[in-house]
Structure formats: structure tokens, C-alpha cells
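A.B. asks: Mind folding the following:
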Amino acid sequence: FVAINGISETDAHGGEHYDFIYNNCYSANKNSGSVGYLVISTGYLGLPILKGYRLSAVEMTLGNHNTKRYISVNSDEYAKAIVTDGGVQTEVAAASPGVRFELPNSMEGQRYWLYSKSTFVMGQLKLWYEPASVKMEDVDKVIGRAIADGTVPGAVLGVWKDGNLVYEKAYGNKSVTPSVVPMTSDVVFDMASCTKVMSTTIAVMQLYEQGKISLDEKVSYYLNEFPQDDPITVMDLLTHVSGLVRVTTDYKLYAGNPKDFVAQTAIAARASQPGEKYKYDCINFIMLQQIVERISGKRICDYAKENIYVPLGMDDTMYLPVNEGIDPAYKSRIAPKTSKTSDIGIVYDSMARVVFEGNAGNAGVFSTVEDVLRFGRAILAGGILDGKRVLEESTIETMSTVIDPAIGRTPGWDCLSITGFKKGTTVSHNTIFHSGYCGCMVLVDRENNLCIALLANRTHPQNTGYDAWDRYRGLICDIIGACLCR
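C.D. replies: Okay, the predicted model is just below:
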């Protein structure tokens with residue numbers, strides 16, 4: 001938030017309002033879709049966060065207009081006219097002189113944004129604040145709401161701050177069908193796309209550190225399926241700007257045949273030129289997997305176990321947990337991802353499951369909240385945990401640095417991309433994180449020495465609530481950041 005008329009965030013006091021006069025307010029599209037975002041010059045209208053207070057109401061006067069206007073005050077930066085938890089939306093009648101939004105569920109530290117679906121002129125904006133103090137226990141209420149409305153059946157949350165486990169709790173149920181089984185903190189989850197950072201990214205950075213991979217080298221140098229003049233680089237894969245498109249999404253055509261799938265994808269038509277456009281796609285990490293496996297001579301599942309999970313003492317983290325030889329007691333702790341008990345322990349992601357049979361660079365890792373925190377703690381400590389080093393501190397720095405501010409991703413990780421709202425707004429600006437389709441998330445805030453592990457099996461008993469859980473994740477991180485980082 002940039003101070004207007006000399007008023008900064010630190011000047012406000014509870015129970016008072018401040019008038020901000022904006023000129024040339026207009027609506028403009030952001031990213032894809034038809035929803036407009038109220039823009040002041042070249043920035044969004046983010047409303048101030050005041051320490052010790054919550055935003056309780058927003059008032060605005062409007063200029064003349066001849067048609068209805070749809071305006072929302074929302075806690076989700078990238079909401080598409082969807083009212084998120086704690087947000088409100090209204091239809092403003094033609095010639096209405098103004099509108100007031102009440103925010104009874106807002107909390108200290110929660111960032112709100114003002115949006116419009118259509119062009120209008122705003123005269124005066126008034127923001128009302130009330131004293132408030134957010135508590136860590138407030139996350140219980142948020143996760144409880146997510147369970148009550150059916151977004152997730154249950155979840156496990158772990159928070160590590162300044163060398164200590166400051167919060168750990170299991171919520172709801174591990175399964176709701178065919179029988180109800182309560183959630184416990186030792187439940188094993190399908191980490192889905194968190195595999196990208198917990199396995200593939202670390203493997204790539206280790207080989208980079210050893211001089212076996214150059215992040216700026218063309219992929220064709222490592223994978224002969226690509227034409228030699230193909231300009232795609234390793235960094236393009238890590239940041240999802242390669243333009244690669246999967247040769248097909250009918251994975252049964254390549255069931256158990258990853259070699260042909262990779263070869264055909266390497267020469268398939270591209271969606272864009274390398275570096276031209278950001279489009280998150282698992283295929284990038286499938287190609288990174290191929291590079292790791294060919295350089296190391298090991299399957300990605302074996303490489304990750306030997307070079308990441310064993311050194312870091314992540315005893316409950318593995319690929320292929322239904323293989324022979326796996327302890328039956330471990331298998332019994334795995335959370336279901338669908339309504340079928342036969343699917344337990346089998347990776348949910350269809351490309352990883354059908355083509356790569358669970359050994360994939362984009363998905364396939366299973367883990368627990370304790371192990372995810374151990375992983376995050378190693379990053380916080382500069383690549384070392386309990387005397388075992390997996391990366392040098394300089395490599396951690398490289399891995400945590402945004403490559404292109406317009407894209408907002410670091411090598412392998414999300415940070416400030418279009419999905420950056422999932423980390424909330426109260427952790428540090430440079431926090432790195434990754435989420436998984438099934439409901440898990442790992443967040444590392446090196447500036448505040450904070451790691452959050454939020455694990456859930458959202459797709460059980462059915463695959464619903466994807467967008468809702470994303471917004472819940474952002475709110476949960478908002479509460480934690482407000483309590484521990486501000």
C-alpha cells in the first residue's frame with residue numbers, strides 16, 4: 001500500500017477512518033478471464049494492514065453512472081468475482097451515491113482488496129478499523145469451517161518457528177467413507193505437486209551444485225529426444241516458461257511407456273516460445289526428472305530417497321508406498337484420496353500414475369507433517385539438518401531467488417506468481433512455497449525463520465473444493481503470519 005495524501009499504514013488508529021481521494025479509477029483485466037480489477041495507476045487497490053487492528057468496514061462514494069455496478073471487497077488477491085472467506089460483494093444500483101461493506105469476519109493482519117467488475121468513478125474511500133488481536137487458535141476455526149462446508153474431510157497443520165515446533169494439530173477425519181476414521185498427526189498424505197520441490201527441484205539443485213547440470217544449458221544437451229537447436233533451457237523448465245505441451249492427456253496410450261511419451265512430447269508443437277509465457281505444467285518436471293535420472297543413473301524415487309530423505313531423517317517420506325516390502329503399519333496410515341480403498345497409496349495424478357507408474361518428477365511423493373517440517377527446517381538452516389547437508393547455503397539462495405519478477409517464480413518454487421495468494425499476505429515478500437492438487441502445502445519463510453506444513457486429502461471422498469481450499473490456505477497462512485511474523 002502506498003500512502004495517499006501523506007497518510008501511511010502506521011498513522012491510523014482504531015475507530016477512526018481515513019479518506020483517500022483517488023482520481024482516474026478504472027477497471028482492467030488481469031491475467032485471463034473477463035473479471036476486471038480496480039486499478040489505481042498501475043497498481044491494485046490493496047487496503048492497509050494495521051498492526052493490532054482489523055478492517056471492519058469499507059465505505060465509498062461513487063460518481064455518476066447509468067448502469068448497475070458490481071463491486072467486492074475481498075481477501076483473495078486473485079479472486080474472480082468470487083466472495084471468499086471474510087469477503088463481501090454487492091450489486092450497486094444505477095445512480096447510487098455510495099456503498100458500505102461490513103467485514104464481521106475479518107482478522108488482524110488480513111489483507112483486503114477492492115475490486116470492480118466494471119468501470120466506475122469512485123470519489124471517496126473510507127476505511128474503518130477496530131482493535132483486534134489474532135491468535136494461533138484462529139486457524140482452528142478456519143480449518144473447522146473448511147471441514148464443515150465439505151471442502152476437506154480433515155487436515156494436519158504443523159508450524160516451525162525460530163527452532164521450535166510452535167503448533168501442530170490434526171483436524172477432522174482421515175476418511176469419511178466407507179468408514180469414519182479420525183485424523184491423526186502421523187497420517188501419510190499424497191503430496192502431489194509438492195513432489196516438485198521435495199524431490200525434483202532439490203535433485204536438480206544438487207546436481208547443479210556438483211557441476212553436472214547448468215541451469216542455463218539447453219535441455220537438448222541432456223536429452224537427445226529434443227532437437228539440438230531447441231532453445232528450451234533447464235531454467236525454463238524450473239520456472240514453467242518452456243512452452244512445452246504434453247503430447248496427449250489420454251495417458252492410456254502410453255501406459256507404462258514413459259520413454260515414448262517423453263520422446264513424442266519433446267517434438268510436439270509448442271504453446272509458446274521459451275521464456276515468452278508462463279504456464280504452470282507438470283510436463284516441465286517430467287523433463288527435469290529425465291535429466292536427473294540420466295545424469296545420476298538412478299530412478300528419481302531412488303535418487304530422492306538416497307540423497308534427500310535418508311540424510312534428512314525423513315523416515316516417513318517415499319515414493320511407491322504400496323510396493324512389496326513396505327511396512328503394513330505404514331500403509332495403514334495413508335490417507336485415502338478418493339472413495340475407493342483400492343486407490344490408497346497410489347499416486348492421484350493421472351500422468352504420474354498411468355505413464356510413469358508412480359515414479360515421476362511432478363507427483364508421487366507421500367509424506368507426513370513431521371517430515372515436511374524436517375524438509376523445511378533444512379532449507380531454513382541453509383541446507384543442513386542434524387549435521388547432514390543436502391545443499392550449500394549459496395545454492396539455497398539461488399533456489400530462493402525470483403528469476404523474473406513478471407512471473408514471480410524461483411527455480412522450482414512459487415513465490416509471487418498468479419497463485420501467490422495461497423501463501424497469504426502476512427509472511428515475508430520473498431517466502432517460497434508449493435502446493436499440491438490433493439490439498440497439501442509446504443511454505444518456507446527464511447526471513448522470519450518460519451516453516452508451515454499444511455496437509456489435507458481434499459479429493460476424498462470426491463474431487464471438489466479446489467478453489468475454496470486454495471483460499472482457505474491463504475487465510476490460514478495469513479493468521480500464522482500475523483501471529484508470528486509481524
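
A.B. asks: Quick check: residue 453 touching residue 157?
C.D. replies: Yes: Residue 453 is within contact range of residue 157, at 7.3 Å (criterion: Cβ atoms under 8 Å). (C-beta placed from N, C-alpha, C; glycine too.)

A.B. asks: what residues are shared contacts of those two?
C.D. replies: In terms of Cβ atoms under 8 Å, 6 or more residues apart in numbering, residue 453 and residue 157 are both contacted by the residues residue 369.

A.B. asks: So between those two, which is more surrounded?
C.D. replies: Between residue 453 and residue 157, residue 453 has the larger neighbour count (other Cβ atoms under 10 Å), namely 27 against 23.

A.B. asks: longest helix in this protein, by residue count?
C.D. replies: The residue-count maximum for a helix in the chain (DSSP state H) belongs to helix 466-484.

A.B. asks: Show me what it packs onto, helices and strands only.
C.D. replies: Here helix 466-484 touches helix 138-148, strand 154-161, strand 441-445, strand 450-456, going by 3 or more Cβ pairs under 8 Å, 6 or more residues apart in numbering; DSSP states H and E.

A.B. asks: wouldn't residue 437 be in contact with residue 349 here?
C.D. replies: Yes: using Cβ under 8 Å, residue 437 is in contact with residue 349, at 7.0 Å.

A.B. asks: hey, what's in contact with both of the two?
C.D. replies: Both residue 437 and residue 349 are contacted by 192-193, 363, under the criterion Cβ under 8 Å, 6+ apart.

A.B. asks: any idea which of those is the one closest to residue 442?
C.D. replies: Set against residue 442, the nearest of the shared contacts of residue 437 and residue 349 by Cβ to Cβ is residue 193 (10.5 Å).

A.B. asks: Now do the same contact list for that closest one.
C.D. replies: 282, 349, 362-363, 434-437.

A.B. asks: repeat for residue 389
C.D. replies: Neighbouring residues of residue 389 by Cβ under 8 Å, 6+ apart: 311, 383.

A.B. asks: Would you quantify the distance from residue 47 to residue 111?
C.D. replies: The spacing between residue 47 and residue 111, counted by Cβ to Cβ, to the nearest Å, is 7 Å.

A.B. asks: same thing with residue 231?
C.D. replies: 39 Å.

A.B. asks: ditto for residue 389
C.D. replies: Computed as Cβ to Cβ, the residue 389 to residue 111 distance reads 37 Å.

A.B. asks: hmm, back to that, looking at residue 437 and residue 349, which has the bigger crowd around it?
C.D. replies: When residue 437 and residue 349 are compared for neighbours, residue 349 comes out ahead with 23 against 19, by other Cβ under 10 Å.

A.B. asks: What sits closest to that one if chain neighbours are left out?
C.D. replies: Among residues not flanking residue 349 along the chain, residue 363 sits closest, at 3.7 Å (Cβ to Cβ, 6 or more residues apart in numbering).

A.B. asks: Who are the contact partners of the one you found?
C.D. replies: 190-193, 195-196, 282, 347-349, 351-352, 436-437 are the contacts of residue 363 under Cβ under 8 Å, 6+ apart.

A.B. asks: now those residues as TSV including pLDDT and distance to residue 339?
C.D. replies: Output for the contacts of residue 363, formatted as TSV (pLDDT from 0 to 100; distance: Cβ to Cβ, whole Å):
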residue	pLDDT	distance to residue 339
190	98	15
191	98	20
192	98	18
193	98	22
195	98	23
196	98	27
282	98	24
347	97	17
348	97	13
349	97	18
351	98	22
352	98	20
436	97	19
437	97	17
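
A.B. asks: from those, which would you call buried?
C.D. replies: Among the contacts of residue 363, those scoring as buried are 190-193, 195-196, 282, 347-349, 351-352, 436-437 (criterion: 16 or more other Cβ atoms under 10 Å).

A.B. asks: Please render those as a markdown table that adds secondary structure to the earlier fields.
C.D. replies: Converted to a markdown table, the buried ones among the contacts of residue 363 look like this (DSSP: H, G, I helix; E, B strand; the rest coil):
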| residue | secondary structure |
| --- | --- |
| 190 | strand |
| 191 | coil |
| 192 | helix |
| 193 | helix |
| 195 | helix |
| 196 | helix |
| 282 | coil |
| 347 | coil |
| 348 | coil |
| 349 | coil |
| 351 | helix |
| 352 | helix |
| 436 | coil |
| 437 | coil |
